[in-house]
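> next comes the sequence, and after it the predicted model I'd like to discuss.
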Amino acid sequence: MGRTKRKARKRQSYYDYSMLILVIFIVAFGLVMVYSASSFTAQTHDKYGYDAAFFLKKQAKSALAGAIFMLLVSKLDYRFLLKRIPLTKLKWAPLVFLIATFLQGLVLVIGDEVNGAKRWLSIGGFSFQPSEVTKVAVIIFASYIIFAQPEIMKSILGSVKVGIFCALPIILIVIENLSTAIVIVCILGVMCFIASTNGPRKILVISLFILLAVGFIIILYFGEGFRMTRIQIWLDVENHEGGQQILQGLYAIASGGLFGTGLGQSMQKLGFIPESYNDMIFSIICEELGLCGAIIVMIVFIMIMWRIYTIALHSPDLFGSLICYGVMAHIAIQVLLNIAVVTNSLPSTGVPLPFVSYGGTSLMILMAEMGLVLSVSNKIEN
């Protein structure tokens with residue numbers, strides 16, 4: 001009898017350490033690349049205290065906080081999100097979504113404007129981007145809706161209903177950050193596609209989200225001038241006066257060759273690529289580590305997504321499975337968009353490279369999402 005109980009406990013204690021190691025590796029690699037790409041800028045400007053490690057220190061603090069969040073969340077039972085909050089009729093999953101929506105609205109009222117965009121919120125001396133919180137909130141809420149009413153996905157209207165339920169924060173994000181809204185819509189599209197019950201309906205789901213994508217393109221063309229400028233830069237990056245960042249990024253990729261110029265030896269980060277430690281960090285990876293280094297980074301991302309996919313397949317319930325698929329879509333979409341922008345395959349979108357680009361909020365939220373995935377893996381029976 002005692003042996004049976006020990007076996008039962010063993011079956012319930014599965015934890016995907018391989019994915020945990022991969023996440024730690026890519027985060028550590030990101031810290032190295034942030035230092036390499038930012039050290040020149042930090043040590044040559046007084047606002048950074050002439051400290052070469054200024055950005056590294058800030059990113060390392062975010063990485064440490066993210067690691068704590070990831071481990072804490074991974075030890076929770078993710079199914080608590082389906083439970084009611086004590087003394088109320090509201091469940092945790094809708095509450096997370098409502099909080100994210102409230103924060104998103106708050107940005108438009110009292111948000112901090114950085115580089116001409118109002119995307120930041122400062123509370124108690126701590127600044128963060130609510131749009132990053134919204135990403136995980138939408139993943140949780142969409143998973144909750146589909147889990148609570150799986151029959152709605154038997155019809156194409158089910159995808160429409162999920163989209164309508166999640167629409168408010170996305171609309172608020174469109175006002176301030178169209179690229180983030182596109183990422184969230186794509187995540188929803190992947191989740192609805194996977195949750196649809198048969199082939200023809202999956203095709204309809206794809207068609208629906210293609211129409212949404214066309215709508216975003218129309219917004220790009222007829223919306224604010226800077227968005228149209230980005231398309232003009234993309235079409236003629238060599239001759240457009242605003243194409244210097246992308247062009248210098250392409251120079252960095254080309255100069256890296258097969259094996260790169262060596263870690264820390266980039267020339268383009270010396271002021272040629274503005275804020276090269278942010279969205280353009282992949283170009284510095286290509287320059288310093290070459291094509292081989294870039295391929296290894298992409299392989300690590302593929303391995304992480306494969307582990308998430310495996311956990312989703314073996315999840316004990318639909319809710320956990322959809323959370324995993326949502327997180328996988330989040331990482332995959334941002335990796336593809338970031339690399340496509342850096343290589344000028346798509347117009348500039350301002351989407352960071354997950355776990356690698358400088359940005360504390362993005363890193364902490366991504367690591368918290370990985371904690372959710374590990375929480376799902378912890379409930380898989382061996």
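Now that the structure is in, tell me what you want to look at. Numbering: from 1, shown residues only.
> flag every buried residue along stretch 292-308.
The neighbour-count check on stretch 292-308 (16 or more other Cβ atoms under 10 Å) flags 293-294, 297, 300-301, 303-305, 307-308 as buried. Where you see a C-beta, it was placed from the backbone N, CA and C, and this is true even at glycine.
> neighbours around Leu263, how many?
Around Leu263 there are 13 other residues, counting by other Cβ atoms under 10 Å.
> could you do Asp46 as well?
By the criterion of other Cβ under 10 Å, Asp46 has 6 neighbours.
> how much space between it and Phe54?
Per Cβ to Cβ, to the nearest Å, Asp46 is found 11 Å from Phe54.
> what do you get for Leu353?
In terms of Cβ to Cβ, Leu353 sits 20 Å off from Phe54.
> TSV for the buried residues of stretch 292-308, including pLDDT and distance to Ser283?
Shown next, in TSV, are the buried residues of stretch 292-308 (pLDDT from 0 to 100; distance: Cβ to Cβ, whole Å):
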residue	pLDDT	distance to Ser283
Gly293	95	12
Ala294	95	10
Val297	96	12
Val300	97	18
Phe301	97	17
Met303	97	23
Ile304	96	22
Met305	96	22
Arg307	95	27
Ile308	96	27
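> among these, which are in helices?
293-294, 297, 300-301, 303-305, 307-308 (DSSP state H).
> which residues in the protein form helices?
Assigned by DSSP H, the chain shows helices spanning 2-12, 17-43, 54-75, 92-110, 130-148, 156-165, 167-176, 178-195, 199-222, 225-235, 244-256, 281-313, 318-342, 360-377.
> which of those sits closest to Thr349?
Set against Thr349 and scored by Cβ to Cβ, these come closest in helix 178-195, at 3.9 Å.
> please name every helix or strand in contact with the closest one.
helix 130-148, helix 156-165, helix 167-176, helix 199-222, helix 318-342 (3 or more Cβ pairs under 8 Å, 6 or more residues apart in numbering; DSSP states H and E).
> between these, which one is closest to Gln245.
When the helices and strands packed on helix 178-195 are ranked by proximity to Gln245, the top entry is helix 318-342, at 9.9 Å, counting by Cβ to Cβ.
> pLDDT (mean, whole number) over that closest one?
For helix 318-342, mean pLDDT rounds to 95.
> for that helix, buried residues please.
Counting neighbours by 16+ other Cβ under 10 Å, the buried set in helix 318-342 is 319-335, 337-339, 341-342.
> in the protein, what spans have low per-residue confidence?
Within the chain, the stretches with pLDDT under 70 are 1-13, 114-117, 197-210, 212-228, 382.
> got the domain boundaries for it?
Split into domains by automatic domain parsing, the chain comes to 11-75+224-382, 83-219.
> most tightly packed of those domains?
domain 11-75+224-382 (a mean of 19; mean count of other Cβ atoms under 10 Å).
> off-centre distance for stretch 253-268?
In terms of Cα atoms, centre = their mean, to the nearest Å, the centre of stretch 253-268 is found 26 Å from the chain centre.
> now swap in stretch 159-171 and tell me
19 Å.
> need the CA coordinates for it. CSV is fine.
The C-alpha trace of stretch 159-171 is given here as CSV (Å, rounded to 0.1, in the frame of the first residue of the first chain):
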residue,chain,number,x,y,z
SER,A,159,-13.8,32.1,-32.8
VAL,A,160,-15.8,35.3,-33.3
LYS,A,161,-17.2,35.1,-29.7
VAL,A,162,-13.8,34.5,-28.2
GLY,A,163,-12.5,37.5,-30.2
ILE,A,164,-15.3,39.7,-29.0
PHE,A,165,-14.8,38.6,-25.3
CYS,A,166,-11.1,39.6,-25.6
ALA,A,167,-11.6,42.7,-27.8
LEU,A,168,-11.6,45.5,-25.2
PRO,A,169,-7.9,45.5,-24.2
ILE,A,170,-6.9,44.8,-27.8
ILE,A,171,-8.7,47.9,-29.0
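> wait, Gly158 touches Cys192, no?
Yes - with contact defined as Cβ atoms under 8 Å, Gly158 counts as touching Cys192 (7.3 Å).
> so for the two, which residues contact both of them?
Common contact partners of Gly158 and Cys192 (Cβ atoms under 8 Å, 6 or more residues apart in numbering): Ile146.
> who's in contact with the longest strand seen in the chain?
For the chain, the longest strand by residue count, based on DSSP state E, is strand 117-123. Residues outside strand 117-123 that contact it (Cβ under 8 Å, 6+ apart) are 103, 106-108, 110-114, 127-131, 176-177.
> given that strand, what are its sheet partners and their directions?
On the basis of DSSP bridges, the sheet neighbours of strand 117-123 come out as strand 112-114 (antiparallel), strand 126-128 (antiparallel).
> pull the distance from it to the chain's centre.
Offset of strand 117-123 from its chain centre (Cα atoms, centre = their mean): 18 Å.
> same deal with stretch 64-81?
Offset of stretch 64-81 from its chain centre (Cα atoms, centre = their mean): 17 Å.
> same deal with stretch 305-314?
When distances are taken as Cα atoms, centre = their mean, stretch 305-314 is centred 17 Å away from the chain's centroid.
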